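Novice: attaching a predicted model along with its sequence, questions to come.
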Amino acid sequence: MSDAPPDASNPRHPSCILRLASAVHRFRVPCINPSDALSFEKSFKTCSSSHQDTIAAMRQADVHRNAIKQAFASAKTSHAAISSSLQEYVPLINQILLSCSFQPEVARLDKPISFSWMSGVECNQTKKSKYFDSEALMFELVLSLQTYALCESNLGCNSSVSGEFGQALKKFTTATGIFQFLGQDLLPEWMAKSKQHAEMEKESLAETRVGVSVALTNLHMAMSQQMAIATMLVKPEVNYALLGKLCLGVAVELESFVSTMRSKSAVHMARMESSFLTFVTFQINIQRALSLYFLSRSLWNISEYGVAIAALSEATVAMRTRTTPTGRGLPEFEEKGPLQALSADVSDLRKHMQVLLSSWEKDNSLVYFDKVPPSVPSNKALASIQLQKTEEFKLEARDPLPFSIPGAKNVSISSPPPPSYEDSMNNGNQRDRSDSDLARELHEKLNTKSESC
């Protein structure tokens with residue numbers, strides 16, 4: 001082993017950089033109202049009674065939904081348990097939704113169905129639990145998918161804290177795929193069919209809005225990229241130029257999150273935790289500062305000493321606390337705010353940058369005599385890299401369940417076989433029926449029997 005002292009002008013990046021670069025936000029997850037006594041088996045008892053497959057599916061939906069409720073009620077919420085139950089429940093609720101959509105003449109309720117959820121994305125500013133109720137099966141499907149995505153996100157946070165950045169990356173890309181499916185496919189289709197939702201923008205949960213899902217896609221793409229950066233930082237040899245481009249890409253994704261929320265869902269952005277939005281602002285500026293820092297390290301390593309000093313000087317400026325709410329720099333650390341956990345790392349990084357800058361300036365004045373520009377020239381600036389890693393999500397395809405009205409004399413309400421899943425998806429006329437129409441029709445038939453029975 002060499003006894004040579006470490007090179008003061010080319011030290012290993014400090015551990016505080018790893019913690020700052022990989023810091024992510026943990027959301028609360030939406031939860032079902034504990035007093036919700038919904039039962040699919042009881043609600044669809046009559047029209048399911050002649051079909052064992054339908055009865056079995058309804059029972060399974062109840063089993064998994066109750067398991068989700070019990071996991072929420074546990075003293076220590078297990079996101080892994082909720083995620084596992086949701087993976088079983090989501091295909092069932094989607095199957096029930098399709099079954100009702102394509103057999104409206106025989107999909108009749110014995111008991112009303114009403115789904116009651118509390119938001120995980122919005123901030124509950126009162127101590128009283130606030131639940132949103134809906135009779136729409138699509139509402140249940142959307143909230144279940146949002147909960148699944150946020151559970152996977154929280155599991156990614158757990159892995160990140162444990163230093164398992166590869167596992168965290170997998171969880172965040174899974175969440176990204178679900179948010180992307182919601183924002184690009186399921187929610188736009190639902191909103192296009194529902195006139196009520198355009199009118200209920202202010203009252204509806206953030207989880208049901210297209211803009212929120214699109215923004216959360218950007219956010220989780222950034223979080224996934226942070227894990228890729230962390231994976232690189234723990235390696236013995238690092239590519240500083242690549243790290244700088246990736247950090248800049250994270251900042252761009254986070255800025256897209258903010259701009260999307262402002263332009264597409266400002267009402268719901270105002271309901272988010274202010275501390276979360278402050279954290280996003282903090283991360284945008286930290287990632288940009290780290291991008292400049294890594295740029296300076298890469299330039300120094302290829303003997304472009306003057307430009308390296310300019311880049312590091314800009315990084316130190318970016319690390320300062322901003323003097324105005326819209327100014328450049330880091331947001332102010334509140335005494336009991338969420339950023340306090342990172343304050344020591346910020347202080348350490350500032351000290352490291354200042355020591356390194358002083359060392360470089362000394363070496364340049366005594367040895368290299370390279371001209372230091374007032375700022376980084378445009379031809380030396382880094383271009384962002386956005387990996388946009390995602391794991392494609394697809395709803396499991398299951399054929400609609402058969403329904404019928406026992407003893408019906410009218411052929412139109414007897415027991416025609418339901419279409420296959422593929423035929424259902426290709427049947428444009430039935431798909432054009434809105435979920436709000438479906439919910440209304442189901443409840444209009446509540447406790448009624450066929451006139452021709």
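Specialist: Cool, the structure landed. None of the values given here were measured: they were computed from a predicted structure.

Novice: surely residue 150 and residue 176 touch.
Specialist: No. The pair residue 150 and residue 176 fails to qualify as a contact (CB atoms under 8 Å) at a distance of 11.9 Å. In short, each C-beta sits where N, CA and C put it, glycine included.

Novice: the two: which has the busier surroundings?
Specialist: residue 176 (29 against 26; other CB atoms under 10 Å).

Novice: name the element that one belongs to?
Specialist: helix 165-181 (DSSP states H and E).

Novice: same question, residue 248
Specialist: Judged by DSSP H and E, residue 248 forms part of helix 240-264.

Novice: for that helix, buried residues please.
Specialist: 240-241, 243-258, 260-261, 264 (16 or more other CB atoms under 10 Å).

Novice: what's the burial count for residue 235?
Specialist: 8.

Novice: from residue 151, how far off is it?
Specialist: 30 Å (CB to CB, to the nearest Å).

Novice: next, count neighbours for residue 22.
Specialist: Using other CB under 10 Å, residue 22 has 21 neighbouring residues.

Novice: sketch out the low-pLDDT regions of the stretch 301-450 of the chain for me.
Specialist: Scanning the stretch 301-450 of the chain for pLDDT under 70 picks out the ranges 408-450.

Novice: spell out the residue ranges of the helices in it.
Specialist: 305-318, 343-363, 421-426, 428-431, 435-444 (DSSP state H, counting those that start in this stretch).

Novice: so what does the second one touch, helix or strand wise?
Specialist: Using 3 or more CB pairs under 8 Å, 6 or more residues apart in numbering; DSSP states H and E as the contact criterion, the elements in contact with helix 343-363 are helix 15-21, helix 305-318.

Novice: comparing those, which comes out most buried?
Specialist: helix 305-318 (a mean of 22; mean count of other CB atoms under 10 Å).

Novice: quick one: that helix to helix 240-264, angle?
Specialist: 40 degrees (axes from the mean of the first three to the mean of the last three CA atoms, to 10 degrees).

Novice: okay, angle between helix 305-318 and helix 343-363 too, please.
Specialist: Using the same axes, to 10 degrees, helix 305-318 lies at 150 degrees relative to helix 343-363.

Novice: past the helix or strand containing residue 92, which element shows up next along the chain?
Specialist: Assigning secondary structure by DSSP H and E places residue 92 in helix 79-102. With elements assigned by DSSP H and E, the helix or strand that comes after helix 79-102 is strand 115-118.

Novice: dump that following strand to CSV, keeping only the CA atoms.
Specialist: C-alpha atoms of strand 115-118 as CSV (Å, rounded to 0.1, in the frame of the first residue of the first chain):
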residue,chain,number,x,y,z
PHE,A,115,-66.3,3.2,-2.5
SER,A,116,-64.7,5.5,0.2
TRP,A,117,-61.1,6.5,0.1
MET,A,118,-58.8,9.1,1.6
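
Novice: which other residues reach the helix or strand that comes right after that strand?
Specialist: As assigned by DSSP H and E, the chain's next helix or strand after strand 115-118 is strand 132-134. The contact list for strand 132-134 (CB atoms under 8 Å, 6 or more residues apart in numbering) reads 114-119, 140, 203-205, 439.

Novice: for the next helix or strand along the chain from strand 132-134, give the mean pLDDT please.
Specialist: For strand 132-134, the succeeding helix or strand toward the C-terminus, using DSSP H and E, is helix 137-161. For helix 137-161, mean pLDDT rounds to 97.

Novice: buried ones in helix 137-161, by neighbour count?
Specialist: For helix 137-161, using 16+ other CB under 10 Å, the buried residues are 137-157, 159-160.

Novice: measure residue 407 to residue 50 for me?
Specialist: 10 Å.

Novice: so for these two, which sits in the more crowded spot?
Specialist: residue 50 (16 against 11).

Novice: how is that one assigned, secondary-structure-wise?
Specialist: coil (DSSP: H, G, I helix; E, B strand; the rest coil).

Novice: what's the spacing between the closest residue in space to it that isn't next to it in sequence and residue 56?
Specialist: Distances taken as CB to CB, 6 or more residues apart in numbering place residue 404 nearest to residue 50, at 5.2 Å, with adjacent residues excluded. Applying CB to CB, the value for residue 404 to residue 56 is 16 Å.

Novice: among those two, which residue is more densely surrounded?
Specialist: Higher neighbour count among residue 404 and residue 56: residue 404, with 21 against 13, using other CB under 10 Å.

Novice: touching, that one and residue 51? I think so.
Specialist: Yes. Residue 404 is within contact range of residue 51, at 7.0 Å (criterion: CB under 8 Å).

Novice: so what sits against both of these two?
Specialist: Between them, residue 404 and residue 51 share no contacting residue under CB under 8 Å, 6+ apart.

Novice: what does stretch 20-30 contact?
Specialist: Residues contacting stretch 20-30 (CB under 8 Å, 6+ apart): 77, 79, 82, 117-121, 143, 146-147, 150-151, 153-154, 156-157, 160, 165, 205, 207, 223, 226-227, 229-230, 233, 247, 276, 279-280, 283, 286-287, 290, 342, 345-346, 349.

Novice: which positions within that stretch qualify as buried?
Specialist: 20-25, 27-30.

Novice: pLDDT of the helix or strand that residue 218 is a member of, averaged?
Specialist: Element membership of residue 218 [criterion: DSSP H and E] is helix 210-233. Throughout helix 210-233, pLDDT has a mean value of 98.

Novice: quick one, what contacts residue 274?
Specialist: So residue 274 contacts residue 123 (CB under 8 Å, 6+ apart).

Novice: number of nearby residues for residue 394?
Specialist: Neighbours of residue 394 (other CB under 10 Å): 8.

Novice: separation between it and residue 407?
Specialist: Taking CB to CB, one finds residue 394 at 39 Å from residue 407.

Novice: among the contacts of strand 132-134, name the buried ones.
Specialist: Applying 16+ other CB under 10 Å to these flags 114-119, 140, 204-205, 439 as buried.

Novice: export the buried residues of stretch 20-30 as TSV, with columns for pLDDT and distance to residue 268.
Specialist: TSV is the format used below for the buried residues of stretch 20-30 (pLDDT from 0 to 100; distance: CB to CB, whole Å):
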residue	pLDDT	distance to residue 268
20	98	28
21	98	28
22	98	27
23	97	24
24	97	21
25	96	16
27	94	13
28	93	15
29	95	16
30	95	13
